[in-house]
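> Please find the sequence and the predicted model below.
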Amino acid sequence: MQTSPNSITITRPDDWHLHLRDGATMASVLPHTARQFARAIVMPNLKPPVTTTEQALAYRERILAALPAGMQFEPLMVLYLTDNTPPEEILRAKDSGLIHAVKLYPAGATTNSAAGVTDLKKCYRTLETMQQVGMPFLVHGEVTDPDVDIFDREAVFIDRIMSPLRRDMPELKVVFEHITTKDAAQYVSEAGDVTAATITAHHLLYNRNEIFKGGIRPHYYCLPVLKREVHRQALVQAATSGSAKFFLGTDSAPHARNAKEHACGCAGCYTALHAMELYAHAFDQAGALDKLEAFASFNGPAFYGLPRNSGMITLVRENWTLPAELPMGDATVVPLNGGEAIDWAMV
């Protein structure tokens with residue numbers, strides 16, 4: 001790593017939580033990720049979801065076919081867990097060498113989660129196999145009980161789901177995805193070495209007030225939703241702490257503009273275009289640019305048992321204006337902070 005007051009050069013990072021979608025949408029957004037990141041954990045919540053090894057490998061081929069010539073990028077594939085995923089599918093996935101995790105979407109928790117898990121106990125035989133072969137389990141950490149306030153769903157998930165799971169399967173590698181609360185940051189910090197977490201740039205930079213400045217701002221709406229300032233501060237402290245348990249996961253989620261600016265708008269922030277610039281801004285605000293390389297480039301590969309990347313990227317302190325929207329298939333997507341100025345740029 002090389003740093004100066006106005007620039008930082010770090011090992012090329014990876015994105016450990018990314019939505020690429022499929023088809024023309026994927027072809028439009030993939031170059032934004034590949035410009036910055038060498039690898040990414042690709043979410044499997046397509047329609048239909050990616051539930052088998054065969055489907056995951058076919059999706060991987062579509063991603064590679066859409067990659068522009070000259071760009072280097074490796075998609076790390078994930079299976080979508082259902083109530084009926086058999087243990088044998090985990091063995092097939094592990095043997096492929098190309099599937100790196102299995103994802104928990106509690107049924108109804110977020111975009112394309114209808115086929116998700118209704119009761120984790122139904123999956124215990126499959127989870128035991130994952131524990132045996134070292135397959136990481138990626139959890140969307142929210143309960144979907146309608147009686148639980150949306151701002152409390154992550155904390156309740158820890159009590160109802162995560163704590164019993166860790167008791168029953170202490171050696172299962174678990175990534176608590178896109179954590180948003182002080183509760184989750186503290187839980188991961190105090191857990192054993194096989195529990196880690198990803199943190200998004202938008203949860204480091206913004207609290208829930210951002211959704212309502214001057215009216216409802218749908219492009220800041222995501223799930224898990226932005227929380228109070230005390231939680232944002234706890235996430236910044238965790239990300240900049242130097243702990244190897246926390247690493248970069250953008251949760252960049254492309255939705256067409258008209259699907260976000262809608263009476264029932266979709267959840268998700270599109271940050272793939274400028275993710276590293278956003279993280280640099282967040283770490284710079286915290287006076288912790290020296291901690292960015294480990295968070296972005298070292299901690300994730302260590303947890304997943306993969307080598308560090310060999311290339312480098314450089315970010316410079318430079319004011320530029322983000323495009324207000326971008327082409328995406330036959331629609332457009334609005335990047336987070338679209339049309340606004342940002343003060344870091346990747347070169």
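Received the coordinates, thanks.

> element containing the nearest residue in space to residue 257 that is not next to it in sequence?
Distances taken as C-beta to C-beta, 6 or more residues apart in numbering place residue 332 nearest to residue 257, at 4.9 Å, with adjacent residues excluded. (C-beta placed from N, C-alpha, C; glycine too.) Per DSSP states H and E, residue 332 falls inside strand 331-333.

> any idea which helix or strand comes after that strand?
strand 341-346.

> which other helices and strands contact that next one?
In terms of contacts (3 or more C-beta pairs under 8 Å, 6 or more residues apart in numbering; DSSP states H and E), strand 341-346 is packed against helix 275-285, strand 312-321.

> between these, which gets nearest to residue 193?
For residue 193, the closest of the helices and strands packed on strand 341-346 is helix 275-285, at 24.0 Å, according to C-beta to C-beta.

> Residue 256 is in contact with the residue nearest to residue 257, correct?
Yes: using C-beta atoms under 8 Å, residue 332 is in contact with residue 256, at 6.9 Å.

> List the buried residues of stretch 295-306.
By 16 or more other C-beta atoms under 10 Å, the buried positions in stretch 295-306 come out as 295-301, 303-304.

> my hunch is that residue 41 is in a helix, does that hold up?
No: applying DSSP: H, G, I helix; E, B strand; the rest coil, one finds residue 41 to be strand, outside a helix.

> Need the pLDDT of it.
pLDDT for residue 41: 98.

> do residue 1 as well
Per-residue confidence (pLDDT) for residue 1: 88.

> One more: residue 113?
On pLDDT, residue 113 comes in at 65.

> Any chance you could list what contacts whichever strand or helix holds residue 327?
Following DSSP H and E, one finds residue 327 within strand 326-328. By C-beta atoms under 8 Å, 6 or more residues apart in numbering, the surrounding residues in contact with strand 326-328 are 24-25, 28-29, 254, 256, 273, 332-335.

> related to what we said a few turns ago, quick check: neighbours of the strand holding residue 332 in the sheet, parallel or antiparallel?
strand 326-328 (antiparallel) (DSSP bridges).

> Quick check: buried residues in the partner strand?
By neighbour count on 16+ other C-beta under 10 Å, the buried set for strand 326-328 is 326, 328.

> that older thread, residues contacting the residue nearest to residue 257?
Per C-beta under 8 Å, 6+ apart, neighbours of residue 332: 256-257, 325-326.

> before we move on, back to that, narrow the buried residues of stretch 295-306 to those in helices?
Residues of those located in helices (DSSP state H): 299-301, 303-304.

> List just the nearest of the residues you listed to residue 162.
Nearest to residue 162 out of those is residue 303 (C-beta to C-beta; 16.9 Å).

> how far away is that closest one from residue 215?
Distance of residue 303 to residue 215, computed by C-beta to C-beta, to the nearest Å: 40 Å.

> Quick check: residue 201 touching residue 271?
Yes: proximity of residue 201 to residue 271 meets the contact threshold set by C-beta under 8 Å, at 5.8 Å.

> Now list whatever residues contact both of the two.
Overlap between the contact sets of residue 201 and residue 271, as judged by C-beta under 8 Å, 6+ apart, is given by 250, 278.

> end to end, how far does stretch 149-163 reach?
Length of stretch 149-163, first residue to last, C-alpha to C-alpha, to the nearest Å: 20 Å.

> Please enumerate residues in contact with that stretch?
Contacts of stretch 149-163 (C-beta under 8 Å, 6+ apart): 106, 120, 139, 141-145, 148, 174, 176, 179-181, 183-184, 187, 208, 224-225, 227-228.

> quick one: buried residues of it?
By 16+ other C-beta under 10 Å, the buried positions in stretch 149-163 come out as 151, 153-158, 161-162.

> now it: how far from the chain's centre is it?
18 Å (C-alpha atoms, centre = their mean, to the nearest Å).

> Which of the ones in helices among the buried residues of stretch 295-306 sits closest to residue 236?
Nearest to residue 236 among those is residue 299, at 15.8 Å by C-beta to C-beta.

> In contact with that closest one, which residues are there?
Residue 299 neighbours (C-beta under 8 Å, 6+ apart): 196, 244-247.

> where does this structure have its least confident helix or strand?
Within the chain, confidence by mean pLDDT, DSSP states H and E is lowest for strand 2-4 among all helices and strands, at a mean of 84.

> Pairing partners for that one, with directions?
Here, using DSSP bridges, strand 2-4 pairs with strand 7-11 (antiparallel).

> How about residues contacting the following helix or strand past the partner strand?
Note on strand 7-11: by DSSP H and E, the next helix or strand toward the C-terminus is strand 15-18. Residues from elsewhere that reach strand 15-18 (C-beta under 8 Å, 6+ apart): 33, 36-37, 39-43, 138, 175, 177-178, 198, 200, 247-252, 272, 275, 300, 304.

> Give the buried residues for stretch 25-44.
Under the neighbour-count criterion of 16+ other C-beta under 10 Å, stretch 25-44 has 25-30, 32-44 buried.

> show me where the protein has helices.
23-36, 53-66, 87-96, 124-133, 153-157, 163-168, 182-190, 201-205, 229-239, 257-260, 275-285, 292-293, 299-304.

> what about residue 211, how many neighbours?
Using other C-beta atoms under 10 Å, residue 211 is surrounded by 17 other residues.

> What of residue 164?
Neighbours around residue 164, by other C-beta under 10 Å: 12.

> what's the answer for residue 256, then?
For residue 256, using other C-beta under 10 Å, the count is 17.
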